[in-house]
Structures are given as C-alpha cells and as structure tokens.
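Undergrad: got a predicted structure here, sequence first:
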Amino acid sequence: MSRPGTLGWIQLVREWPPGYGGVERVAHELATSWQRRSSNVVCYSLCPPSSSVPSEHLPVTYKRRCLPCVAFGRVLIPLPSRSLVGMLVAKSSLMVHLPCPSLLLLSLVARLCSADRPISLFWHAFLEPEAGPRGWLVAIYQWLALRWAAIGPSCVVTTSPTLVRALMESGVPEQRIRLLPCCLGSEMELEAAAIWSRRQARLSRTRIDPFRLIYIGRLSSYKCVDRLILAFPSSGASELHIVGDGPERLRLERLASGQSQIGAIVFHGMLSESEKLARLEHSDLLVLPSRSCHEAFGIVQLEAMACGVPALGFNNLRSGMAWVAGLEQALRRTGWRSPQHPTDLSSAINQLAEQPEWLREASIAARLRYERVFARCHWERRLLTSEA
C-alpha cells in the first residue's frame, strides 16, 4: 500500500459508505484517516445512499460519488460515464474492496490504463460457492480474483492472520500481503470504554441471572440466525436479543414464537449506534452463528469486546471470526472450545451460562484483547507501516 501523497486516494466499494456493513466501515475508516492527514480522498460506490442509513450515522469528511450502473440480479455493471473514465485514468492511488466482480474488472482496466499506478486490493472475505450454475460463477470469479491478486496489484490487504494464510495457500505471494485488522471509530471507542467501566461491577456476580445473549447483524440467510434461535432453548440463557433487520425477519420471528416463552426472544430491528451500545452494555455474550467464510471478521465483535462483552463464533479455516474473538484462547485453561458444528452451539453457550467465573474471565480477556490488539492507536500505526 503506498503512502498517500498530494494526489491522494480513490477507493472503489460496492455499497455507499459508511453504511452498516463491514466493507463500508473499513472504507470509511481508511478515508477518514487519510483525509485527516491532508490527503484528497474520493470514495466511488456502485450503490447510491440507502434510505435506511441515517445521514448522521457517522461523520463523513471525504468525498463520495456513485457510479451509474445497471443491475443484473445482484451484479451491478458500471455504465460509461465521465466519473468512471476519470476514476480509471486518475493518477491517485487506488484501493479496490473485494469481493465484487465489477470492482475486480475495474481494477484490471485501471491497471491497463496505467502500468505504474499504485493499486491495492482489500481482500475482505473468501466466498463459498454453492451448488449449481450460480456457484460455478462464484467459483470462476474467485479463481480470477486470486490469480489477479497474485500478480496484478501493488499489494493485497486483509484483516486477519487466518486470511493471510488462506491467501498464501491460494497462491498470493507473502510479500504482497499486508495485515490490517478492522477498527472502531474514535467516538465509539470512547463510549465503549465508559461502558466497560460501568460493566465491571457486574463481573463479581456469583450467579448470572438473567443470562442475556445478543446477536447484531443483518437478518439474511447466510447469517444463520435461525441456528441461534433453535439453540436458544437448551443454551441456559434467559434472553436473546436480536438487533438488525433484513429479508429473513418475518420468518425468524415466526420461528422464535414457537421456540421459547413469550418475551424471551426480542427483535429490536435497526438501532442507532448509541442504542446498540446501550443494548450491549446489558448483554453477557455476543453470538454470531454463521459458519460461512463470507463472515470473515465481524466488526460488531470489536464493538462488543470494547464494551467487555465476549464474542462467540464458529471456527473456519477461511474466516478470521474466531481469531478476532479470541474466546477459546482466553478460556484455554478450562477446556472450553469454540463450536465446530451447529449442534455444538447450545452446549458452548451453556457452559458459559453455568460457569460465572468462566464468563468473568472471558469478559476481562475480551476487553484486554481489544486494548492490546484492536485499539485504534494500533490500527493507525499498522496503517502507517503498511504504507511505508
């Protein structure tokens, strides 16, 4: 990754930043940091602003532009435009956020336009091709993306040692890869620190009652929230709070109505940042039930850990979720293990519900891990190092 100079940075991202998704959040934090260092930053997106994201959601100091596109299902194809041509022939350093077939193609065209332009790929996640023709297309896209990552860009940035290893095993040279875990914004980090100071009084409890689980994220099929709802009755937890919205919400609400006592599973919908942190303050465990490598980091884990709420997720050889949480390492002396299979989920939660001392250790370890590994000061330092 090149150091931003007078020509600044251009970022290509599918969704309009900052949004609620991890990719948009990363693009937002990069742009904010570069802009603060007096670098000209422009973020180009394929999608226009979403009406579901309030304008005051996160402060934006950089320029944003939406490229005209035509949609073929979920694939967005940029149309010829002055903005598109200007972006492709500009001399500014280019950061392209993957996965996205159209953005991969634009990075190839940008390289053809200039052989010496600094171009970086941000590899956020691997994809898991499903069975059938659609899965074949995904597999072809990923094969092409990995081949291009191995030879085309100046560097490939990714978010965890797990993904670094997976990229190397897929043929990307180690010297091209830069490790840059995600971070939180400065204001959220301060709010979370205040929550942690208030939460510490709860850690002395000898009995966890009620034991509250929380899920935060989009309600889509690949998030596997139904897996958490089905595991809840035998998990030992008293309450399950589900924060977020999406196409699966009605189905999940119907499923929840038959799985627990009335009021035990609560759907909160979309919450503001302050409302989300308030909900985390009174939760005991964040659970992210997806086993898919689409879920490669989980910035919401950082939000929870900064508040002293441990995060639980599945191990996956192409996902950094378990590495981010560090829960298995924190409880190594107890023999607790991250779930490997969906049937292990309720048991993994139940052990923490029945062992207040384990949960106390996990909560303290979560906050310490955030401070030592993911605090914004460390992220800023890594960003500067990766640009050297």
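TA: Yep, that arrived.
Undergrad: how about the helices in the stretch 251-388 of the chain?
TA: 273-281, 299-306, 321-325, 327-330, 345-354, 356-369, 376-387 (DSSP state H, counting those that start in this stretch).
Undergrad: show me where pLDDT drops low in the stretch 201-350 of the chain?
TA: Residues of the stretch 201-350 of the chain that meet the criterion pLDDT under 70 lie in 205-208, 260, 262-263.
Undergrad: go again with 80.
TA: Low-confidence segments of the stretch 201-350 of the chain (pLDDT under 80): 201-209, 259-263.
Undergrad: and what of the stretch 1-150 of the chain?
TA: 1-7, 38-39, 50-58.
Undergrad: distance to residue 232 and mean neighbour count for the helices of the stretch 251-388 of the chain - can I get that in a markdown table?
TA: (Glycine included, C-beta is placed from N, CA and C.) Listed next are those as a markdown table, based on distance: least, CB to CB, whole Å; neighbours: other CB atoms under 10 Å:
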| stretch | distance to residue 232 | mean neighbour count |
| --- | --- | --- |
| helix 273-281 | 17 | 17 |
| helix 299-306 | 18 | 26 |
| helix 321-325 | 19 | 24 |
| helix 327-330 | 19 | 19 |
| helix 345-354 | 8 | 20 |
| helix 356-369 | 17 | 20 |
| helix 376-387 | 34 | 15 |
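Undergrad: relative to residue 85, which of those helices is closest?
TA: helix 376-387 (27.2 Å; CB to CB).
Undergrad: now do the closest one: which elements does it pack against?
TA: Identification of packing neighbours for helix 376-387 by 3 or more CB pairs under 8 Å, 6 or more residues apart in numbering; DSSP states H and E yields helix 22-36, strand 177-179.
Undergrad: export the helices of the stretch 251-388 of the chain to JSON lines and tack on distance to residue 7?
TA: Below are those laid out as JSON lines (distance: least, CB to CB, whole Å):
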{"stretch": "helix 273-281", "distance to residue 7": "33"}
{"stretch": "helix 299-306", "distance to residue 7": "29"}
{"stretch": "helix 321-325", "distance to residue 7": "34"}
{"stretch": "helix 327-330", "distance to residue 7": "42"}
{"stretch": "helix 345-354", "distance to residue 7": "49"}
{"stretch": "helix 356-369", "distance to residue 7": "37"}
{"stretch": "helix 376-387", "distance to residue 7": "14"}
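Undergrad: nearest to residue 177, of the ones you listed?
TA: Across those, closest to residue 177 is helix 376-387 (CB to CB), at 10.0 Å.
Undergrad: give me the contact list for that closest one.
TA: 1-4, 29-30, 33, 155, 157, 178-186, 189, 372 (CB atoms under 8 Å, 6 or more residues apart in numbering).
Undergrad: pull the CA atoms of that helix into CSV?
TA: What follows is helix 376-387, C-alpha atoms only, in CSV (Å, rounded to 0.1, in the frame of the first residue of the first chain):
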residue,chain,number,x,y,z
ARG,A,376,-7.5,2.5,17.1
CYS,A,377,-4.0,3.6,18.1
HIS,A,378,-2.7,0.2,17.0
TRP,A,379,-4.7,0.4,13.7
GLU,A,380,-3.3,3.8,12.9
ARG,A,381,0.2,2.5,13.5
ARG,A,382,-0.4,-0.5,11.3
LEU,A,383,-1.8,1.6,8.5
LEU,A,384,1.3,3.8,8.5
THR,A,385,3.5,0.8,8.5
SER,A,386,1.6,-0.8,5.6
GLU,A,387,2.1,2.4,3.6
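Undergrad: between that helix and helix 22-36, how many degrees?
TA: If you take axes from the mean of the first three to the mean of the last three CA atoms, to 10 degrees, helix 376-387 sits at 80 degrees to helix 22-36.
Undergrad: just the helices from the stretch 101-250 of the chain, written as ranges.
TA: For the stretch 101-250 of the chain, applying DSSP H, counting those that start in this stretch gives helices covering 101-113, 133-151, 161-169, 186-199, 225-231, 249-257.
Undergrad: pick the most buried one from the ones you listed.
TA: Most buried of the helices of the stretch 101-250 of the chain, by mean neighbour count (mean count of other CB atoms under 10 Å): helix 225-231, with a mean of 22.
Undergrad: just how off-centre is it within its chain?
TA: For helix 225-231, the separation from the chain centroid amounts to 20 Å (computed by CA atoms, centre = their mean, to the nearest Å).
Undergrad: just stretch 27-42 next, same as before
TA: Worked out by CA atoms, centre = their mean, stretch 27-42 lies 19 Å from the chain centre.
Undergrad: same deal with stretch 173-192?
TA: With CA atoms, centre = their mean as the basis, stretch 173-192 stands 11 Å off its chain's centre.
Undergrad: may I have the distance across that stretch, first residue to last?
TA: One end of stretch 173-192 sits 38 Å from the other (CA to CA, to the nearest Å).
Undergrad: got the domain ranges for the chain?
TA: The record's domain parsing of the chain by automatic domain parsing lists 9-180, 186-374.
Undergrad: would TSV of those with distance to residue 385 be doable?
TA: TSV is the format used below for the domains of the chain (distance: least, CB to CB, whole Å):
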stretch	distance to residue 385
domain 9-180	8
domain 186-374	15
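Undergrad: so which of the helices of the stretch 101-250 of the chain comes closest to residue 265?
TA: So among the helices of the stretch 101-250 of the chain, helix 249-257 is nearest, using CB to CB, at 4.2 Å.
Undergrad: what is the neighbour count of residue 294?
TA: When neighbours are counted by other CB atoms under 10 Å, residue 294 registers 18.
Undergrad: residues touching it, list them.
TA: By CB under 8 Å, 6+ apart, the contact list for residue 294 reads 125, 126, 127, 128, 222.
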